[in-house]
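S.K.: Show me how the following folds:
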Amino acid sequence: MSTDMGPGPGYEFSEKENATIKSLAWFMKLTGIILIVAGVLAALGGIASGENLLAGLLQGAFSIVVGLLQYRASTAFSTVVATHGNDILHLMSALGTLRTLYKLQIIAIAAAVIIGVIAGLMSAS
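M.R.: The predicted structure follows:
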């Protein structure tokens, strides 16, 4: 009878698995940085245009928050590779941050659809 209970607190990913996680973390970090920069530029563009101030600020703020969450998740994934003995704990932390990121995106998409429908109905009348 096997006593192997699968991955637990002391589980360590293999070199190949670590390489995959490290690569993912790098791309996530880069994406996070790009989103943060794009968010700052969108906010500044909204301020500079004057006309689209609210839209620019909202778009910028959303991009910055998504970029920060992406960056935070990348850091947790990098920690999986850099540490020993707590791979599963760090992986779960990274997945929790990704869950928050996707919840935020679902809320933002739903809000945009609702606002779009309301705006369409108001302009039609």
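S.K.: Now do the same contact list for the most centrally placed residue in the chain.
M.R.: Geometric centre of the chain, nearest residue: Gln70, 3.1 Å, by CA atoms, centre = their mean. Applying CB atoms under 8 Å, 6 or more residues apart in numbering, we find Gln70 in contact with 28-29, 31-32, 35, 101. Bear in mind the C-beta positions are built from the backbone N, C-alpha and C, glycine included.
S.K.: Follow the chain on from the helix or strand hosting it and name the next helix or strand.
M.R.: Gln70 belongs to helix 53-82 when elements are defined using DSSP states H and E. Note on helix 53-82: by DSSP H and E, the next helix or strand toward the C-terminus is helix 87-124.
S.K.: In that following helix, which residues are buried?
M.R.: 87-88, 90-91, 93-94, 97-98, 101 (16 or more other CB atoms under 10 Å).
S.K.: Now do it, average pLDDT.
M.R.: Taken as a whole, helix 87-124 has a mean pLDDT of 90.
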